[in-house]
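Undergrad: Next input, structure requested:
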Amino acid sequence: MKLCTISKWKTPFFFITLFFITLHTCLVAQEASWPEPDPLKAMKMGKLKPKWLTFDKFEPDTSADAILLADIGDSEIQFAGNQISTLLTIHKRYKVLSDLGVEAGDFNIYYPANGGSISNIDGYTYNMLEDGEVEKVRLNKKDIFSEDVNENTKSKKWAMPKLRAGSVFEITYTLRFPGARVLDWSFESKYPSLMSQYEISHPKFIVLALVGRGNLLEMKKKTDTYTNNVLLGGGERSTIDFERKTYTLYNILPLKKEPFSTALSDYQASLTFILKGYDWPNGAYESALPSWEKLAEDMLSDDDFGKVITANARYKKWIKDKALDLSGNKDLAHAMKIYHTVQKEFEWDGRYRRYKRRSFSELFNEGKASSGEINLILTGLYRHLGFEAHPAILSTRSNGEVFGTYPLFNQFNHNICLVKVGDQYINLDASDKYCRFGMLPYESLNGSAFLLIEENPQWIKLAANFPQIESTMGSVGINDEGMLNLSLSCYYKSAESCRMREAYEEKKTNDNTFVKRAFFGKKSDEISLDEAKVNGTNPEKPFKIDCKLETDAFIDQVGEFIYLEPMLGTGFNQNPLSLSERTYPVDFARPMQWEHSISFQVPSGYEIESLPETVQMALPNKGGSFVFQSMQSGPFIQLKSVVIIKQTKFEPNEYGNIKTFFDHITAKHGEQIVLKKSTK
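TA: The predicted structure is shown next:
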């Protein structure tokens, strides 16, 4: 990557400003050629062009273990008397490029247990033999296995036969779903795809909205109509006008997962179809979507949602049975007491849910509940004890974004509580027992939530009020044996204190092991601590670790020179952003700050040969900054590094800025202090 503009001024330090970078103009790359896919008419099951067996190099992504030569889906709504069903026929053809690519031939296909099925499973594996002949092996029906996953879901599993690097295989099957369904389509998969095509057919009176995600600029669209004489209920036949839409996309590279992102499905090339309504032949239109107000009304009147909040008798009995002291003056201290009580009394079962799924007796007796159950109980307790409190539904970061235009309940998978304390409204999520009062867990920070208030349901922004702050301080000396004597302390503040407290309690290691890993990461196995201390039981206070040790891990003596790693393994040793180009946002969720302040004592008989140069950098629009200072003060070297991220979300056209920012930090943190034997 070329950096478009860097300005430097050398005074006691030089100042770098990273200006706006447009990836298309600054990224120097030569586009690799894609192989030409087979025409669809040539995609006949059981027939393969030999060229794909000799094809062994995929230039656009040389790391790919397999590629999809074709990925074809055909969805159609069918009528058969009183039975309406939706068929999805799949035809996939793969080229295996490496031994790891063999796993592309492992299939586990799920379908509904009630009214669903999978049929017409057929597949072939093709291999080139030493004599140049093509071996074709058919999937044996005996190698297809059925499984009852749960009461609602079944699956069929199989593995394609005789796969190895160089093989080509193809598979086809048909899924049947009960009722008229509008099935979505993803053009992206785990592997690069030469061509992906989806055809969807439905009666014209069904009105759909199409939401596209990812890069669909090159997608080809085609629409045609046809009539079909179908058998309706009562044995009558009727001619219905159908609409068939075909969507085709070529040369699709899958997104690669990188830190600081929400669900990749938010940015992968895909189509989502939303049933808007019915445009009946008689001219009448019937909407299939409720309003947001109607959605809120339905949820607040539901026995397993809104009525959980108003079950005052249940909360009164629970408080009495548990002998809980939840008295107070409806002030901040009272609100915090209620919040921490729910955190303590209920353990999250690891599932995100919107509704209450178990009885009050089970929840109160077992003390284990889903995320939605915990927060509904929290909201109900606040109301029972005199606070104004309301539920809000959201989609977690790993579940993906919500289409705010369409009031679809199934977009949401979680709820939180909004409580009024004094004149302030505070968002709470008690499903994470390590979160401070007023701090939402990382997964809940997905932009916005829909607040369910009887009179005025509305969208609210979920602000990250608690930054992640890590502050390391230390003193370093060098003894006569050439070893470093280190004394280090680290304060984890705000949101970072909660993360570290969780890591400490969940990993259940001794203090020595935990402190080593927290400070030194991958180098912890090379290090032995003389002292280690952990202090962090109070969820509303910083989490602190201390250690003392003697080590040669960060010092190297060569002749008359001593080379020191000034960050002592605690800084950025590699850039967390490694992609040359990123087509989805960098989303930190919270502001972040990393501080290091370390004092080195120069040993007697040595003098400073060189220090890392002081530098200061800033991201555009005050999105972040980096300050690195090193200076001599008598027999000491004072080193300070401060990295601040204020802007929590960087769009793809800003990726060059934030990546270059971390490139400079990583390089600076890797520089050394050099000492030389004194000639005086």
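Undergrad: residue ranges of the helices in the protein, please?
TA: Shown for the chain, the helices assigned by DSSP state H span residues 23-26, 51-54, 292-300, 306-309, 312-322, 332-345, 360-366, 371-384, 495-507, 511-520, 655-669.
Undergrad: got the buried residues for the third one?
TA: Judged by neighbour count using 16 or more other CB atoms under 10 Å, the buried positions of helix 292-300 are 292, 295-297, 299-300. To be clear about C-beta, it is placed using only N, CA and C from the backbone, and glycine gets the same treatment.
Undergrad: on that earlier part again, export the helices of the chain to CSV and append columns for distance to Ile608.
TA: Output for the helices of the chain, formatted as CSV (distance: least, CB to CB, whole Å):
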stretch, distance to Ile608
helix 23-26, 38
helix 51-54, 63
helix 292-300, 66
helix 306-309, 66
helix 312-322, 64
helix 332-345, 51
helix 360-366, 63
helix 371-384, 55
helix 495-507, 33
helix 511-520, 25
helix 655-669, 18
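Undergrad: want to try TSV for the buried residues of helix 292-300, with pLDDT and distance to Asp56 as columns?
TA: Shown next, in TSV, are the buried residues of helix 292-300 (pLDDT from 0 to 100; distance: CB to CB, whole Å):
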residue	pLDDT	distance to Asp56
Trp292	95	54
Leu295	95	54
Ala296	96	58
Glu297	95	61
Met299	95	56
Leu300	96	61
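Undergrad: quick one: which of these is nearest Lys47?
TA: Set against Lys47, the nearest of these by CB to CB is Leu295 (50.6 Å).
Undergrad: which sections of the stretch 401-550 of the chain are below the confidence cut-off?
TA: Applying pLDDT under 70 to the stretch 401-550 of the chain picks out no residues at all.
Undergrad: Also the chain?
TA: Looking at the chain by pLDDT under 70, you get 1-32, 233-234, 680.
Undergrad: tell me the most buried of the helices of the chain?
TA: helix 371-384 (a mean of 26; mean count of other CB atoms under 10 Å).
Undergrad: Glu560 versus the closest residue to Glu293 other than its chain neighbours, what's the distance?
TA: Distances taken as CB to CB, 6 or more residues apart in numbering place Pro457 nearest to Glu293, at 6.0 Å, with adjacent residues excluded. Pro457 sits 74 Å away from Glu560, going by CB to CB, to the nearest Å.
Undergrad: okay, these two: which has more neighbours?
TA: Pro457 (22 against 12; other CB atoms under 10 Å).
Undergrad: The more buried one: what's it in contact with?
TA: Pro457 sits next to 292-293, 295-296, 450-451 when contact means CB atoms under 8 Å, 6 or more residues apart in numbering.
Undergrad: Turn the residues you listed into CSV, columns for distance to Asp304.
TA: Compiled in CSV, the contacts of Pro457 are given as follows (distance: CB to CB, whole Å):
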residue, distance to Asp304
Trp292, 20
Glu293, 20
Leu295, 15
Ala296, 15
Phe450, 18
Leu451, 19
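Undergrad: of all the residues you listed, which comes closest to Thr239?
TA: Leu295 (36.6 Å).
Undergrad: give me every residue that touches the closest one.
TA: 407, 409, 450, 457.
Undergrad: how near is the third one to Tyr563?
TA: Yep, that's Phe450 we're talking about. Counting by CB to CB - Phe450 and Tyr563 are separated by 57 Å.
Undergrad: between these two, who's got more neighbours?
TA: Phe450 (24 against 14).
Undergrad: Distance check, that one against Leu462.
TA: Distance from Phe450 to Leu462, by CB to CB: 11 Å.
Undergrad: Glu481 now?
TA: Taken as CB to CB, the span from Glu481 to Leu462 is 54 Å.
Undergrad: Between those two, tell me which one has more neighbours.
TA: Shown here are Glu481 and Leu462; by other CB under 10 Å, Leu462 has more neighbours (18 against 7).
Undergrad: correct me, but the more buried one touches Asn427?
TA: Yes. Contact status for Leu462 versus Asn427: in contact at 6.4 Å, counting by CB atoms under 8 Å.
Undergrad: Between these two, which contacts overlap?
TA: 440, 449.
Undergrad: So Trp280 sits against Lys204, correct?
TA: No. Contact criterion CB under 8 Å: Trp280 and Lys204 do not qualify, at 10.6 Å.
Undergrad: Alright, calling it a day.
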